[in-house]
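[1] Prediction below, plus the sequence it came from.
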Amino acid sequence: MALIVTNQEERRILLRTYASNIDKRSLKMFSKKIGYGNDFIGIYSKEDMEEDPYEFQNELSEIKSNQILLWAKYPAAPVEENLYLNFDEFYAYLVEVVNERIAETPSDKAEYEHLLSEVKTALGL
């Protein structure tokens with residue numbers, strides 16, 4: 001059973017670890033409320049988890065309809081961890097990471113801003 005992350009420092013570390021997965025492809029997935037990740041760390045929506053209720057039975061009992069789940073296991077985290085973010089928190093996190101991507105590649109600014117807009121709409125914000 002995964003630990004639920006509530007400590008602010010642990011939360012910050014987990015979000016920073018996942019940040020490398022935020023790119024145009026992941027934003028396109030999030031704009032469809034589809035999760036994205038790899039074998040060690042990922043984002044899931046409630047809709048994603050409802051497709052396999054057996055695998056996600058514990059998480060489905062915890063997640064609210066306005067949240068996403070950031071899940072990590074070793075080596076991305078020392079133990080299996082779950083972080084639940086409401087849509088506002090998740091979107092603010094995406095904006096922060098996307099601003100870093102834009103600073104790295106300013107020519108991608110318009111595309112990133114468009115993708116963020118689509119994610120915002122999908123989340124109902």
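    Thanks, I have the structure now.
[2] going forward, measure contacts and count neighbours with C-alpha atoms only.
    Fine.
[3] Quick one: the helices in the chain, in order.
    Taking DSSP state H to define them, one finds helices in the chain at 8-18, 24-30, 46-50, 57-62, 87-104, 109-122.
[4] got the angle for the fifth one vs helix 109-122?
    Pointing back at helix 87-104 there. Direction vectors for helix 87-104 and helix 109-122, defined by axes from the mean of the first three to the mean of the last three C-alpha atoms, to 10 degrees, enclose an angle of 170 degrees.
[5] could you give me the average pLDDT of helix 87-104?
    Helix 87-104 shows a mean pLDDT of 96.
[6] got the CA coordinates for it in PDB?
    Provided in PDB are the C-alpha atoms of helix 87-104 (Å, rounded to 0.1, in the frame of the first residue of the first chain):
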ATOM      1  CA  PHE A  87      -7.000  20.600 -10.300                       C
ATOM      2  CA  ASP A  88      -6.000  24.100  -9.300                       C
ATOM      3  CA  GLU A  89      -2.800  22.900  -7.700                       C
ATOM      4  CA  PHE A  90      -2.100  20.600 -10.700                       C
ATOM      5  CA  TYR A  91      -2.600  23.400 -13.200                       C
ATOM      6  CA  ALA A  92      -0.400  25.900 -11.200                       C
ATOM      7  CA  TYR A  93       2.300  23.200 -11.100                       C
ATOM      8  CA  LEU A  94       2.000  22.700 -14.900                       C
ATOM      9  CA  VAL A  95       2.300  26.500 -15.500                       C
ATOM     10  CA  GLU A  96       5.400  26.600 -13.300                       C
ATOM     11  CA  VAL A  97       7.100  23.800 -15.200                       C
ATOM     12  CA  VAL A  98       5.900  25.000 -18.700                       C
ATOM     13  CA  ASN A  99       7.400  28.400 -17.900                       C
ATOM     14  CA  GLU A 100      10.700  26.700 -17.400                       C
ATOM     15  CA  ARG A 101      10.300  24.900 -20.700                       C
ATOM     16  CA  ILE A 102       9.500  28.200 -22.400                       C
ATOM     17  CA  ALA A 103      12.600  29.800 -20.900                       C
ATOM     18  CA  GLU A 104      14.700  26.900 -22.300                       C
END
